[in-house]
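A.B. asks: heads up, no residue letters with this:
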Ligand SMILES: Nc1ncnc2c1ncn2[C@@H]1O[C@H](COP(=O)(O)OP(=O)(O)OP(=O)(O)O)[C@@H](O)[C@H]1O
């Protein structure tokens with residue numbers, strides 16, 4: 001083969017090898033090795049200009065290979081600025097005290113001469129630089145060769161196309177990330193809107209609460225909901241369950257205040273037959289029932305200390321042992337707890353375990369009292385009027401601006417529950433096609449524990465088990481007996497459902513639970 005043909009073959013082989021490289025570092029490495037071999041160089045380096053155009057990087061020198069383009073203590077800055085190749089002698093190299101350049105000089109075995117050649121794309125954009133090292137200070141023989149020119153041209157072309165590829169991948173990644181983000185944001189927005197059908201209110205606090213609920217629902221963290229009585233903590237817990245991936249599983253609600261202390265442990269953990277006197281059959285506990293779903297521990301502040309330690313252990317392992325059982329059981333549940341009591345105070349007083357508090361409040365949520373979000377008053381009124389109409393099959397009804405104004409001056413110690421009761425009563429008093437007027441709003445006496453919670457309703461003169469008015473000698477005892485009778489009757493009416501009975505009496509569940517205990521009323 002003649003010399004020309006050999007050169008042609010070498011050139012083609014080299015070109016094929018360059019074209020095969022599918023990323024920029026591999027391309028630069030292959031090109032520098034090829035230049036070394038083809039032209040007998042002692043070393044060849046490729047330096048890449050970063051996206052900002054401010055720094056040249058030499059990947060093969062790792063952290064030392066960073067050259068600030070505005071730092072003229074190394075020769076690369078001069079070459080970039082002039083845009084022209086130039087030679088740098090060994091003597092000159094010794095005089096340059098730039099640490100990166102000295103590292104490159106050392107790693108090249110201190111050659112007699114460097115040839116520094118800037119590489120630019122067809123559009124003039126600078127891509128980087130080649131640094132060729134040789135012990136002959138004469139470069140024209142190499143840089144004038146068609147093989148050198150051809151390789152440089154091909155390298156430039158491939159370099160540009162690798163950068164374009166990288167840009168495209170980057171763009172695609174950016175696009176995907178922003179689409180994912182948009183999709184997430186859209187999903188959250190849609191779910192918040194859905195939730196606003198049941199958890200009503202347009203105040204900033206309510207909008208924020210709904211979006212926190214959706215976020216909490218998307219995690220497996222334990223959620224602690226805090227807020228005054230009647231402000232909607234139950235609804236929050238339901239929302240978390242319904243928008244979580246456990247929505248098809250059970251939502252098990254336990255009111256720690258409503259279950260007598262002595263029964264709470266066996267209710268939660270379950271028991272075997274004969275575990276204690278009266279345990280005539282094995283009973284599955286609420287923890288086990290919540291498997292695959294959500295366990296909602298309402299009024300967690302009322303949980304006895306001894307049980308708090310046991311609950312903490314369950315939360316850490318999801319393992320528990322029913323009373324009287326030999327074997328531990330496992331239950332996969334997500335915990336939501338709620339309280340109207342300031343747990344911090346409970347911790348300070350020694351009534352609530354600090355470690356349990358932290359374990360429960362991995363995702364803390366706070367529901368603002370109704371009086372602090374007056375914007376929610378009107379939408380809540382319309383919501384409850386419409387619920388009343390649906391339930392009673394009543395005709396259209398509204399609320400006058402005077403009535404709204406009256407409500408806005410009231411503090412609502414019983415929060416939304418109280419507002420709901422006030423409106424239900426007002427709806428009853430308002431003719432169809434009319435608006436609720438201020439006169440039918442009973443604002444004072446509905447919430448107070450001390451007063452009859454049933455005011456405004458048609459109460460029979462006597463109730464089963466209650467006193468007959470004419471025979472009363474002790475008013476306090478009679479009032480209590482009356483209260484007990486009302487509660488007993490209401491519990492019967494709601495098949496023992498304390499939440500519904502409390503709701504219908506305008507009482508917080510906890511108050512009803514205490515009254516049940518006090519009067520020994522069982523459902
Ligand atoms: N934002 C709201 N939108 C619609 N209804 C609400 C809202 N907040 C509360 N309610 C209604 O008010 C009543 C009381 O709410 P809920 O039982 O959730 O309060 P709570 O904070 O759990 O009370 P407690 O501390 O007594 O357990 C319920 O009928 C509930 O549906």
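C.D. replies: Cool, the structure landed. Please read all numbers here as calculations on a predicted model, not as lab measurements. Numbers count the residues shown, from 1 in each chain.

A.B. asks: what helix or strand is residue 420 on?
C.D. replies: Here residue 420 sits within helix 415-429, counting by DSSP states H and E.

A.B. asks: nearest spatial neighbour of residue 355, chain-adjacent residues omitted?
C.D. replies: Spatially, and ignoring its direct neighbours in sequence, residue 355 is nearest to residue 312 (6.1 Å; Cβ to Cβ, 6 or more residues apart in numbering). All C-beta atoms are positioned from the backbone trio N, CA, C, and that covers glycine.

A.B. asks: so that neighbour is in contact with residue 360, correct?
C.D. replies: No. Judged on Cβ atoms under 8 Å, residue 312 makes no contact with residue 360 at a distance of 9.2 Å.

A.B. asks: these two: who's more crowded?
C.D. replies: More neighbours surround residue 360 than the other of residue 312 and residue 360, with 27 against 17 (other Cβ atoms under 10 Å).

A.B. asks: was I right about that one contacting residue 338?
C.D. replies: No. The pair residue 360 / residue 338 is not scored as a contact, 9.8 Å apart, by Cβ under 8 Å.

A.B. asks: what residues are shared contacts of the two?
C.D. replies: Among the neighbours of residue 360, those also in contact with residue 338 (Cβ atoms under 8 Å, 6 or more residues apart in numbering) are 224, 300.

A.B. asks: would the helix holding residue 420 count as contacting the ligand?
C.D. replies: Yes. Against the ligand, helix 415-429 shows contacts by Cβ under 6 Å from any ligand atom at 416, 417, 420.

A.B. asks: per-residue pLDDT, the first one?
C.D. replies: Which is residue 416. Per-residue confidence (pLDDT) for residue 416: 96.

A.B. asks: got a list of what it touches?
C.D. replies: With Cβ under 8 Å, 6+ apart, residue 416 has these contacts: 230, 231, 232, 370, 380.

A.B. asks: among those, which ones are in helices?
C.D. replies: residue 380 (DSSP state H).

A.B. asks: what about the stretch 101-250 of the chain, any weak spots by pLDDT?
C.D. replies: Scanning the stretch 101-250 of the chain for pLDDT under 70 picks out nothing.

A.B. asks: for it, which residues are neighbours of the ligand?
C.D. replies: 199, 200, 201, 227, 229, 230, 231, 232, 233, 234, 235.

A.B. asks: wait, the first one touches residue 210, no?
C.D. replies: Yes. Using Cβ under 8 Å as the test, residue 199 is close enough to residue 210 to be in contact (6.0 Å).

A.B. asks: mutual contacts of these two, please.
C.D. replies: Residues touching both residue 199 and residue 210 (Cβ under 8 Å, 6+ apart): residue 239.

A.B. asks: all strands for the stretch 151-300 of the chain, in order.
C.D. replies: Ranges of strands in the stretch 151-300 of the chain, per DSSP state E, counting those that start in this stretch, are 223-226, 251-255, 270-271, 283-284, 294-298.

A.B. asks: which other helices and strands contact the fourth one?
C.D. replies: Using 3 or more Cβ pairs under 8 Å, 6 or more residues apart in numbering; DSSP states H and E, the elements in contact with strand 283-284 are strand 270-271.

A.B. asks: list the contacts of the closest residue to residue 375 other than its chain neighbours.
C.D. replies: Of all residues not flanking residue 375 in the chain, residue 203 sits nearest, at 4.3 Å (Cβ to Cβ, 6+ apart). Taking Cβ under 8 Å, 6+ apart, we find residue 203 in contact with 368, 373, 374, 375, 376.

A.B. asks: how many other residues sit next to residue 245?
C.D. replies: Residues lying near residue 245 (other Cβ under 10 Å) number 10.

A.B. asks: now it: how far from residue 334?
C.D. replies: Applying Cβ to Cβ, to the nearest Å, the value for residue 245 to residue 334 is 9 Å.

A.B. asks: do residue 302 as well
C.D. replies: 21 Å.

A.B. asks: how about residue 289?
C.D. replies: 14 Å.

A.B. asks: same question, residue 114
C.D. replies: From residue 114 to residue 334 the distance is 66 Å (Cβ to Cβ).

A.B. asks: try residue 429
C.D. replies: 43 Å.

A.B. asks: neighbour count: these two, which is higher?
C.D. replies: residue 334 (24 against 14).

A.B. asks: contacts only, for the closest residue to the more buried one other than its chain neighbours.
C.D. replies: Nearest in space to residue 334, with sequence neighbours left out and distances taken as Cβ to Cβ, 6+ apart, is residue 294 at 4.9 Å. Going by Cβ under 8 Å, 6+ apart, residue 294 touches 237, 240-241, 244, 246, 249-252, 333-336.

A.B. asks: between those, which is closest to residue 512?
C.D. replies: Closest approach to residue 512 among those (Cβ to Cβ): residue 237, at 18.4 Å.
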